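Colleague: Quick check, what structure comes out for this input:
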Amino acid sequence: MATVAADAKPLLVEVKGLKHFYTGEEHLVLDDVNLELTQGEIVGLLGRSGSGKSTLLRSIAGLIRPSAGIARLVPGPDVEDPSVSMVFQTFALFPWLSVLENVELGLEAQKVPAAEARARAIAAIDLIGLDGFENAYPKELSGGMRQRVGLARALVVNPSLLLMDEPFSALDVLTAETLRTDLLDLWSEGRVPIKSILIVTHNIEEAVLMCDRILVFSSNPGRVVAEIRVDLPQPRDRLDPAFRALVDDIYARMTARTEMNAPMRDGVFPGTGIAMVLPRVSTNSIAGLIEEVDGTPFDGKASMSQLADSLQLEADELFPMAETLQLLRFAELRGAELVLTPSARRYAQGDVDQRKALFAQALSQHVPLVQHIRRVLDERASHEAPARRFRDELEDYMSEDYADETLRTVTLWGRYAEVFAYDEDDDRFSLEDQH
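Modeller: Numbering: from 1, shown residues only. Down below sits the predicted model:
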């Protein structure tokens, strides 16, 4: 008997208690993930890089086996033998095969007779708007056209479930918008065989534009921390006040300080003290964001969605920048709004030396690793120390990759502010005034 959800739509995907580790049991990527996907809905997985969304997608597709729990397709009255196809961020086409041959590949694996495979592939190519390009090769196509080939290859096998892993992120804004709209048109008109779509995205507006439900993931490890239903009628208007309100609400949820996320210092980065994991945010990005919010039309205060629009940034790019401002006390995150502090506004109006002084003060007061490196350098007679010493210390608290990224970030910030110097050839820190 088919499993049926509360709203009486047949269940298509069931995930229960799913966990996934990388490197044995050293790195927990997904922890106790539970979700259901019913027929006739588009569901978005929204979260930051490293939250395990793509890992979940691959578990559902059967490409990897979870460390614990289940991820399965559920047979139903209309779908006795459910199947799945996947569209990737990178187009994953074989460059030596034509468009037609790339689309036929999945059918060959299913041992579909050649004549039928050819007819179905041509129909799929026509459906996604590439009629006339059957004999072209990937190098002759634009990025948007190559992604259409990937979509045709996924649809030609008549899947019950379409999994999409950031399918539009490698495309320019206008191409992504066109392809997104075309897919929604095919879906709403019932011209594609798929019963449901599950899409991974970092783009909050994209999730609200496309999805019936949005599942928000936390990071380190990945968990579903919020489920948001999108009841706006299709096609959706980005300028609709209800649309904007929902986008702002999601930004607020994703920046909220919550015990559901990893332990945080001041609501930003995992860990405390020198164990804070710091993202690779450049000083140019920090300065640019401060200048954007300080200037017209924001005058020191801007919603995250407005900033994403004006700077053409996805949430996954904007959040680390905004939270770095918060860490340095250059801004406060109030719900979905970024508000500059007085020191940030002085920074925006200052000259190069004034900016460096303000940045150095913020680092020395609010970034414990900077304080630690500077203290070690001050205490040593040579005023020098190998970077390896600090890298090893960080690896007591975090993975090797996170330790490397955190130290690179602090090195970049410290050199800009002239808190200390760094010699890349020797991989050593020193005090600037000693040379």
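
Colleague: And the strands in the stretch 201-350 of the chain?
Modeller: Secondary structure of the stretch 201-350 of the chain by DSSP state E, counting those that start in this stretch: the strands cover 213-217, 224-229, 264-265, 269-270, 301-303, 331-334, 337-340.

Colleague: where does the stretch 151-300 of the chain have low pLDDT?
Modeller: 256-272 (pLDDT under 70).

Colleague: circling back to that earlier point, okay if I get the strands of the stretch 201-350 of the chain as JSON lines plus distance to residue 80 and mean neighbour count?
Modeller: C-beta coordinates here come from the backbone N, C-alpha and C atoms, glycine included. Shown next, in JSON lines, are those (distance: least, CB to CB, whole Å; neighbours: other CB atoms under 10 Å):
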{"stretch": "strand 213-217", "distance to residue 80": "25", "mean neighbour count": "21"}
{"stretch": "strand 224-229", "distance to residue 80": "29", "mean neighbour count": "16"}
{"stretch": "strand 264-265", "distance to residue 80": "47", "mean neighbour count": "16"}
{"stretch": "strand 269-270", "distance to residue 80": "45", "mean neighbour count": "20"}
{"stretch": "strand 301-303", "distance to residue 80": "48", "mean neighbour count": "19"}
{"stretch": "strand 331-334", "distance to residue 80": "49", "mean neighbour count": "18"}
{"stretch": "strand 337-340", "distance to residue 80": "50", "mean neighbour count": "22"}
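
Colleague: Which among the ones you listed is found nearest to residue 354?
Modeller: The closest of those to residue 354 is strand 337-340. By CB to CB, the value is 15.8 Å.

Colleague: Which neighbours in the sheet does the closest one have, and how are they oriented?
Modeller: Its sheet considered, strand 337-340 pairs with strand 301-303 (antiparallel), strand 331-334 (antiparallel) by DSSP bridges.

Colleague: Same list (those strands) but as CSV, adding distance to residue 284.
Modeller: Formatted as CSV, these follow (distance: least, CB to CB, whole Å):
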stretch, distance to residue 284
strand 301-303, 19
strand 331-334, 17
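
Colleague: In a markdown table: the strands of the stretch 201-350 of the chain, plus distance to residue 79.
Modeller: Output for the strands of the stretch 201-350 of the chain, formatted as a markdown table (distance: least, CB to CB, whole Å):
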| stretch | distance to residue 79 |
| --- | --- |
| strand 213-217 | 19 |
| strand 224-229 | 23 |
| strand 264-265 | 42 |
| strand 269-270 | 41 |
| strand 301-303 | 42 |
| strand 331-334 | 44 |
| strand 337-340 | 44 |
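
Colleague: just so I know, which of those strands lies nearest residue 292?
Modeller: By CB to CB (comparing all of the strands of the stretch 201-350 of the chain), the closest turns out to be strand 301-303, at 7.6 Å.
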